[in-house]
Structures are given as structure tokens and as C-alpha cells.
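Participant: here is my input, please return the structure:
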Amino acid sequence: MKNAFRVFAAVMLLSLAGCLALPQPEQQAVGYLKGHISIGPLCPVEANPSDPNCEPTQQTYGAYPLSVYSVANNRLIAQVKGDENGNYEIMLPAGEYEIRNETGMQKVSVRTTINPNGITQLNVDIDTGIR
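Facilitator: So this is what the prediction gives:
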């Protein structure tokens, strides 16, 4: 009986060791999309020096998000907004994307590639239409 138990225990340990050695599925490669969003004009007349009330704020950047669509299936993947300085950064699976902004006077639509472990720089200018 003890020998049967030992054989059973040995088989179970070998089976468990084999399971632990199975290859794990590969994680999907990711990269980063980052850049700066410029929004303007925000006042009908630009002054020199500029009027602080006519500079974009966190709320301004929040009103003009960038939408990230997968080129493969035209599916919305994410939206990203600029920080208080207009800078943004988002981690995405490697692949082809279309970056859109549809809230400005002239719609933005730019295709870009996210490379594995890379950084893709994309600056975006948004025209508010204020004149």
C-alpha cells in the first residue's frame, strides 16, 4: 500500500512539474502614443502678449479629446485628453491606428503605427473656428 501511494505521489509530482513547465501565452506587445495638442484660437482677437484668458486650460483640453480607432476594424479603442499643458500619452497594443478629433472646426484624422516597445510621437493642431 505504501509503495502504491509513493508511485501515485511521484506521478502527481511529475504531472504537476510538467504543468508548471508549460509555455505561457505571450503577452501582446505594446507601445506608446504621445504628443502635444494645440487648440486655438480661443478668443476672436489674438493679443501680443497673449491674454491669459485666451490660453487653453484643463477644461479646454477635456472638451477636445482624441479618439483612437483600430484601422483593422474601425473600432474605437480609447479616448485621450491633453493634460493642463496639452500633453498626452497612452499605451496601446502594437498596430495601425487612426487618431481623430471631431470637435474642432476642421476635423483631424491621422493614421499612425504603434511599434512594439516604441514611442510614436504625434502632435495635433485643433482649429476651434473662433475668428
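Participant: the residue nearest the centre of the chain pairs with what?
Facilitator: For the chain, residue 90 is the residue whose C-alpha lies nearest the centre (Cα atoms, centre = their mean; 3.1 Å). On the basis of DSSP bridges, residue 90 is bridged to residue 33.
Participant: how much space between it and residue 62?
Facilitator: If you measure residue 90 against residue 62 using Cβ to Cβ, to the nearest Å, the figure is 15 Å. For every residue, glycine as well, the C-beta is placed using N, CA and C.
Participant: do the same with residue 50
Facilitator: Relative to residue 62, and taking Cβ to Cβ, residue 50 is found at 21 Å.
Participant: looking at these two, which one has more neighbours?
Facilitator: Using other Cβ atoms under 10 Å, the more surrounded residue of residue 50 and residue 62 is residue 50, with 13 against 10.
Participant: what about residue 40, how many residues nearby?
Facilitator: 17.
Participant: so which residues make contact with stretch 116-130?
Facilitator: Residues outside stretch 116-130 that contact it (Cβ atoms under 8 Å, 6 or more residues apart in numbering) are 29-44, 64, 66, 94, 99, 101, 103-106, 108, 110, 112-114.
Participant: first vs last residue of stretch 88-99, how far apart are they?
Facilitator: Taking Cα to Cα, to the nearest Å, stretch 88-99 runs 13 Å from one end to the other.
Participant: revised request: answer the last question for stretch 100-119.
Facilitator: End to end - Cα to Cα - stretch 100-119 spans 19 Å.
Participant: from the chain's centre, how far out does that stretch sit?
Facilitator: Put simply, stretch 100-119 sits 10 Å off its chain's centre (Cα atoms, centre = their mean, to the nearest Å).
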